[in-house]
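> sharing a model prediction with you, sequence too.
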Amino acid sequence: MRGFLAPLKSSRSSSVFNHFRKVIKFPYSSQTNQSFQQRTFFKSNNRDTTLVCNHKRFEETIHIFCQQNRLKEALQILQQIDKPSVSIYSTLIQSCLRSRALQQGKVVHQHIKLSGFVPGLFILNRLLEMYAKCDSLVDAQNLFDEMPDRDLCSWNVLISGYAKMGLLQQAKNLFDKMPDRDNFSWTAMISGYVRHERPNEALELFRMMKRLDNSKSNKFTVSSVLAAAAAVPCLRIGKEIHGYIMRTGLDSDEVVWSALSDMYGKCGSIEEARHIFDKMMDRDIVTWTTMIDRYFQDGKRKEGFDLFADLLRSRIKPNEFTFAGVLNACADQSSEELGKKFHGYMTRVGLDPFPFAASALVHMYSKCGNTVSAERVFKRMPRPDLVSWTSLIAGFAQNGQPDEALWYFELLIKSGTQPDHITFVGVLSACAHAGLVDKGLEYFHSIIEQYGLTHTADHYACIIDLLARSGRFKEAENIINKMSVKPDKFLWASLLGGCRIHGNLKLAERAAEALFEIECENPATYVTLANIYATAGMWTEVAKIRKTMDERGVVKKPGLSWIEIKREVHVFLAGDNSHPKSKEINEFLGKLSKKMKEEGFVPDTKLVLHDVEEEQKEQNLSYHSEKVAVAFGIISTPEGTPIKVFKNLRTCVDCHNAFKFISKIANRKIIVRDSNRFHYFEDGSCSCRDYW
DNA sequence: AAATCTGCAC
């Protein structure tokens, strides 16, 4: 580069020029040619230097433009050269491949054909790869068929291109036809299966490979096959491969170790994964991120954050994937303060506009109930992708801002982006939150009619939720009876919930029966059904359900609520008085209850089985966990501060009503996020129009 | 001269 930029000595340059003048076409007059040189050669060098135009320099210019991804300019210069060398073509094709520029790649291919250059296998394979990677398999296939000679590489490039696109059958056909196979062929085929979620076929192929020719496996093959074992997931097979790796001495590569650790993590053996992680000599950011995320997915938040802290102390820099995982963990426990800290860090290192990281930020702020910040992050994104749009829409929907959610959806459509099935989950739940049944139905039908997508089980669950909540059971049943996919547990649970609100006993029994078949261990189904019977005064049935629960050993999960105050998370369990301020909280709640009764609050006594907590309440002053958390929030923050509380289960009806009164009496905005939605209470009313 | 491990939205 430096040599190229340095001016040539004039005496030498003229002879070089003469040497090449025969093979260079000059479409410009000498005057224009002069300015052309300066324009192309010295973009990055302001020195006014006299240069001689020669073949070599044209080629070097092309190399530089390719390095800078300035394909258009490189192609312009290509037109000036009569007989480009192999390396020029190779550089150009590689550059097209890198920027996935199919059209420019075709121009180069055309140039090769017209220039009379007879491409060797090297160039042809490059072209083949370019077509395969630009997803233009028709061109790749045509070229492959035209090729007079093919080597292993040609086959492999085509196979790995076919396999990556998901055309596994075609790839397999090619693979079977191959005269000879090397480890590239095997790896391409195996990783194709893994990538398209067919791990068992990948493992089968690996077994076949071991049987036919053991020497063909290398670090790439075993990494792929470990990913297959992780995807099943099957610890036994994973351990077998681990043994194989040790026997064959393939354990010297970092990526293999990384895949190994990942396999153990995914197969549920996190200690073993950490053990391998600790033994690794040279951990890269992928390894770190994998390990940290594994902890989070295992519900081990503390270990995850601790490891992240270790990472920040190391010399390895976290990337946007790392932050996406960590922010997701913040979102799960709604730690806005912690999330903000990471946001600040991301801004400092310049990671915040990356789509992956920005979407995670939008998600985190939404899950913490801060749609203002979520929207701000979104608006700052240079080019928001579909995931960011969907995060924002879903965030507004969950936060009781359906108008904003639908407004952003319309904006998304106007921007020309095609929504996907997940976007519509957000849209439909926004309609549910707003009680917009007909609008919801309209969107539901538009999924197929306007957007050419198919209805997923999630869409059906959403629309049944919407119809059942508003008591439109006939329509709900009609949809269920002619659904294109099997109704899942979320759909039945929505229907059951709707039946509870409207006291539809017959349909409730159908829903509960279906739920018992899918997951007989979920206590929520028993409790809801019992409550429906209780409301109808059918006490024998209630007793029967209690008995069945005992027999099957079904236990209601304990309700858990938490609140973050000054970066510290306080967790409350119903009936648990271990918090240092327990006495104060109970006193406050006692006073509050009295005041609430005066204001006309009637505790809901019909719901006998909804909670055991309920029954004990009057006797020992043990309150629902979310009530305790709210009370603690009120007494530990200055007047006027909004209270944000989170619960692992769904908020109970009684508390939902109580919070309306509390928001008025204490003059506080109360925000409760339960397992699946937000509830906003202000001055005696709640924003959720869909709740109970 | 081609490839292997992480991964945001419901």
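Everything's here; your move. Numbering: from 1, shown residues only, chains lettered A, B, ... in the order given.

> any stretches of the stretch 401-550 of chain A with poor pLDDT?
Low-confidence segments of the stretch 401-550 of chain A, defined by pLDDT under 70, are absent.

> how about the helix or strand hosting A:Ile448: buried residues?
Assigned by DSSP states H and E, A:Ile448 belongs to helix A:437-449. By neighbour count on 16 or more other C-beta atoms under 10 Å, the buried set for helix A:437-449 is A:437, A:439-441, A:443-444, A:447. C-beta coordinates here come from the backbone N, C-alpha and C atoms, glycine included.

> TSV for the residues you listed, including distance to A:Leu143?
Below are those laid out as TSV (distance: C-beta to C-beta, whole Å):
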residue	distance to A:Leu143
A:Val437	55
A:Lys439	51
A:Gly440	50
A:Leu441	50
A:Tyr443	45
A:Phe444	45
A:Ile447	39
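
> residues contacting A:Cys686?
A:656, A:659-660, A:679-680 (C-beta atoms under 8 Å, 6 or more residues apart in numbering).

> out of these, which sit inside strands?
Members of these lying in strands (criterion: DSSP state E): A:679-680.

> between the contacts of A:Cys686, which sits nearest DNA strand B?
Nearest to DNA strand B among the contacts of A:Cys686: A:His679, at 16.4 Å, using C-beta to the nearest atom of the strand.

> the closest one: neighbour count?
Per other C-beta atoms under 10 Å, the neighbour tally for A:His679 reads 23.

> cool, A:His624 as well?
23.

> can you check A:Lys594 too?
A:Lys594 has 10 neighbours, counted by other C-beta under 10 Å.

> phi, psi for it please.
Torsion angles at A:Lys594 (phi, psi; degrees, to the nearest 10) stand at phi -60, psi -50.

> and it, what is it in contact with?
Applying C-beta under 8 Å, 6+ apart, we find A:Lys594 in contact with no residue.

> distance check, it against A:Ala457.
47 Å (C-beta to C-beta, to the nearest Å).

> cool, A:Tyr680 as well?
29 Å.

> for the stretch 551-692 of chain A, just list every one of the helices.
For the stretch 551-692 of chain A, applying DSSP state H, counting those that start in this stretch gives helices covering A:582-598, A:612-620, A:625-636, A:653-665.

> can you tell me which of these is nearest to A:Asp293?
Ranking the helices of the stretch 551-692 of chain A by their distance to A:Asp293 (criterion: C-beta to C-beta) puts helix A:625-636 first, at 28.5 Å.

> give me the contacts around the closest one.
Against helix A:625-636 from outside (C-beta under 8 Å, 6+ apart): A:559-563, A:565, A:570, A:572-574, A:579, A:581, A:584-585, A:588-589, A:592, A:623, A:641, A:643-647, A:651, A:655, A:658-659, A:662, A:666, A:668, A:670, A:672, A:674.

> burial check on A:Gly537, number of neighbours?
A:Gly537 sits with 9 neighbouring residues when counted by other C-beta under 10 Å.

> where does it land in three-state SS?
coil (DSSP: H, G, I helix; E, B strand; the rest coil).

> same deal with A:Pro384?
Secondary structure for A:Pro384, judged by three-state DSSP, is coil.

> what's the spacing between it and DNA strand B?
When distance is defined by C-beta to the nearest atom of the strand, to the nearest Å, A:Pro384 is 10 Å away from DNA strand B.

> neighbours of that residue, how many?
23.

> OK, contacts around the closest residue to it other than its chain neighbours?
Of all residues not flanking A:Pro384 in the chain, A:Phe378 sits nearest, at 6.1 Å (C-beta to C-beta, 6 or more residues apart in numbering). Taking C-beta under 8 Å, 6+ apart, we find A:Phe378 in contact with A:358, A:362, A:384, A:388-389, A:391-392.

> ok so, going back, now render the contacts of A:Cys686 as JSON lines, adding distance to DNA strand B.
Shown next, in JSON lines, are the contacts of A:Cys686 (distance: C-beta to the nearest atom of the strand, whole Å):
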{"residue": "A:His656", "distance to DNA strand B": "21"}
{"residue": "A:Phe659", "distance to DNA strand B": "23"}
{"residue": "A:Lys660", "distance to DNA strand B": "26"}
{"residue": "A:His679", "distance to DNA strand B": "16"}
{"residue": "A:Tyr680", "distance to DNA strand B": "18"}
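
> quick one: the strands in chain A?
Assignment of strands within chain A using DSSP E yields the ranges A:560-565, A:568-573, A:643-647, A:670-673, A:678-682, A:685-686.

> give me the contacts around the fifth one.
The reference is to strand A:678-682. Residues outside strand A:678-682 that contact it (C-beta under 8 Å, 6+ apart): A:369, A:398-400, A:651, A:656, A:659-660, A:662-663, A:669-673, A:686-688, A:691.

> what's around the one residue in the stretch 151-300 of chain A that gets nearest to DNA strand B, how many residues?
Nearest to DNA strand B in the stretch 151-300 of chain A, going by C-beta to the nearest atom of the strand, is A:Cys153, at a distance of 2.5 Å. Using other C-beta under 10 Å, A:Cys153 is surrounded by 18 other residues.

> equivalent analysis for A:Ser87, please.
By other C-beta under 10 Å, the residues close to A:Ser87 number 11.

> which residues touch it?
A:Ser87 neighbours (C-beta under 8 Å, 6+ apart): A:Glu59.

> and for A:Phe296?
The neighbours of A:Phe296, taking C-beta under 8 Å, 6+ apart as the test, are A:304, A:325-326, A:328-329, A:332.

> do you know the pLDDT at it?
Note on A:Phe296: pLDDT of 90.

> and for A:His570, the neighbour number?
18.

> sorry, back to before: so how far is A:Gly395 from the residue nearest to A:Pro384?
Using C-beta to C-beta, one obtains 9 Å as the distance from A:Phe378 to A:Gly395.

> mutual contacts of those two, please.
Residues touching both A:Phe378 and A:Gly395 (C-beta under 8 Å, 6+ apart): A:Val362.

> turn the contacts of A:Phe296 into CSV, columns for pLDDT and distance to A:Ser115.
Formatted as CSV, the contacts of A:Phe296 follow (pLDDT from 0 to 100; distance: C-beta to C-beta, whole Å):
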residue, pLDDT, distance to A:Ser115
A:Gly304, 92, 58
A:Gly325, 93, 50
A:Val326, 94, 53
A:Asn328, 92, 53
A:Ala329, 92, 57
A:Asp332, 85, 59
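
> which of these are buried?
For the contacts of A:Phe296, buried by 16+ other C-beta under 10 Å: A:304, A:325-326, A:328-329.

> from the residues you listed, which is closest to A:Phe424?
Nearest member of these to A:Phe424, counting by C-beta to C-beta, is A:Asn328, at 21.9 Å.
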